[in-house]
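**Q** Starting from these lines, generate the structure:
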Amino acid sequence: MNIPAAGIPPATRWRRRSPTENGTRGYAFASRLAAISTVLELLDKDSHLVAVDDVYGGTYRLLENVRRRSAGLQVSWVKPDDRRELKRRSAPTPA
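**A** Down below sits the predicted model:
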């Protein structure tokens, strides 16, 4: 497969972009599911996740029907354009 011809940017381009996004590194995944699965594996059991309520249906089902049960994941759903609610839900809760 000719990667540039397929429209897939080389990994070096992702790494160069990271500092412009105030990040320390960037990662590219072959699919959305691979990216989501990787992020979810980084969460501790009983973590709290804030997600927008218009995610892809498969992502919604993964979070609500699988990860809630298997990992105790708590999900707060917010409207994507409600920045105040997103900030409020993202604030750390006292232990």
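**Q** Leu86 - how many residues pack around it?
**A** Other residues lying near Leu86 total 16 when counted by other Cβ atoms under 10 Å. Quick note: C-beta positions are derived from backbone N, CA and C, even for glycine.
**Q** secondary structure class for the closest residue to Leu73 other than its chain neighbours?
**A** Spatially, and ignoring its direct neighbours in sequence, Leu73 is nearest to Arg67 (4.1 Å; Cβ to Cβ, 6 or more residues apart in numbering). Under DSSP: H, G, I helix; E, B strand; the rest coil, the three-state class of Arg67 is helix.
**Q** what about the helix or strand hosting Glu41, distance to the chain center?
**A** Assessed by DSSP states H and E, Glu41 sits inside helix 32-42. Helix 32-42 sits 7 Å away from the centroid of its parent chain (Cα atoms, centre = their mean, to the nearest Å).
**Q** any idea of the pLDDT on the residue nearest to Leu73?
**A** Per-residue pLDDT puts Arg67 at 94.
**Q** just to revisit the earlier point, contact partners of the helix holding Glu41?
**A** 27, 29, 56, 58-59, 62, 67, 71, 73 (Cβ atoms under 8 Å, 6 or more residues apart in numbering).
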